[in-house]
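# Whatever this is, show me its structure:
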Amino acid sequence: MGTKVDHTLELNKVLEAFFEHNIHTAQLISPHYEALWTEMRRLIRSGGKRLRPKMTLLAYEAFGGHDCTAILPIASAQELLHLSMLIHDDIIDRDYIRYGVDNIAGGYNTIYEPFVSDTTDRLHYAHSAALLAGDLLISGAYELITQSTVSLPKVIEIQRLFAQSMFEVAGGELLDTESSFRELGAISAELVARYKTASYTFVGPLVIGATLADASVRDVAYVRSFAENIGIAFQLRDDIIGVFGDEEQTGKSVTGDIREGKRTYMIEQFTQHATTQQRLIFDHSFGDQYISTNELTILKDLLISSDAKRRTEQAIAAYGTKARHALRHLTIATEFKEQLEELIAVATEREK
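Model (predicted):
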């Protein structure tokens, strides 16, 4: 069996070089623009397991790719897209912590404090800076892809797949946002999970890696099925963590989904199976921006007593089973199947 290689160091070197270059270039325009790039570098240094770029490299090697150095910029681009989505998602969710530290909006809210006394205006400007940061990271991801030494036709093919991920995740994010106020049942939480999370977290990285290694059409189809299923499981697990997780472990708020009134799969299950009395109690506080700690505890207890949490865990396990079915059909070595099996465990069992 081959040795599992951890590419974290090489990926971080590519990302560091990317930010160093852009910080220097931004400095030529204005120290204030340099500050934005410095804030982005601070955030990417603060956390992240580089899961998405590692999946690109894993799929590439699994299907016979031999020159990981050539595709490191493409793999690293997955992390820039991820960070951009986190920044934009935090704006939408009105969250100000990421990786246990201030996110871009949170950091700028502090930076702007001496200049803007009105808290509403200051948050607006902080969100504006964060929005620009997210946009810059998307642009930077496309730039990084062009720095790869693979052939031009392959670069174009990868950028097309990258654009598909962007198209899908934007649709998923919009559906997720609108699910808070549209008619109950109008938007499926599983559909949101497929497009908001699976698209760029698993499908994009794994399909791009397999494509770079010239995997067969059949194998790419099974890779896509594998990625879609673990991606949905990953999001459903994230929904549980978003309510029942430990903030010290996750590095982010565990009240955001409740405050925003997000109709996750778990909330869908509660709505379908709760008693009338449970619904009345739940609906009183769900979506309340100023929910108290005691009310939050009551809602958590209701999600457990109504079996909504357990049903969500069952769905996660079912998607894991579907992913394993696709995995069995891949024509790759056992060592790589074992590593992809580990991804299923990450998606279905993680605590943060």
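# who's in contact with Gly71?
Heads up, residue 71 is Ile, not Gly. 56-57, 60, 65, 148, 150, 209, 212 (C-beta atoms under 8 Å, 6 or more residues apart in numbering). Using the backbone N, CA and C atoms, a C-beta is placed for each residue, glycine as well.
# Need the max-distance pair from those residues.
Maximum pairwise distance among the contacts of Ile71 (C-beta to C-beta): 13.4 Å, between Leu57 and Val150.
# Those two: who's more crowded?
Leu57 (26 against 17; other C-beta atoms under 10 Å).
# That one contacts Pro73, doesn't it?
No - shown here, Leu57 and Pro73 do not form a contact pair, counting by C-beta atoms under 8 Å, at 11.7 Å.
# Can I have the buried ones of the contacts of Ile71 as a PyMOL selection?
Restricted to buried positions by 16 or more other C-beta atoms under 10 Å, the PyMOL selection for the contacts of Ile71 reads:
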select buried, resi 56+57+60+65+148+150+209+212
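# Now tell me what touches stretch 139-156 from outside.
14, 18, 22, 70-74, 76-78, 80-81, 84, 158-159, 162, 211-212.
# can you rerun that using 7 Å?
With contacts defined as C-beta atoms under 7 Å, 6 or more residues apart in numbering, stretch 139-156 is touched by 18, 22, 70-71, 73-74, 76-77, 80-81, 158-159, 162, 212.
# Relative to Asp6, which of these is nearest.
When the contacts of stretch 139-156 are compared for distance to Asp6 (C-beta to C-beta), Ser76 wins out at 14.8 Å.
# tell me the contacts of the closest one?
Ser76 makes contacts with 11, 14-15, 53, 144, as judged by C-beta under 7 Å, 6+ apart.
# which one of those residues has the most neighbours?
Most surrounded of these: other C-beta under 10 Å gives Pro53, at 31 neighbours.
# what number of residues lie near the closest residue to Lys196 other than its chain neighbours?
Of all residues not flanking Lys196 in the chain, Gly172 sits nearest, at 2.9 Å (C-beta to C-beta, 6 or more residues apart in numbering). For Gly172, the neighbour count with other C-beta under 10 Å is 22.
# so how far is Met166 from Gly172?
11 Å (C-beta to C-beta, to the nearest Å).
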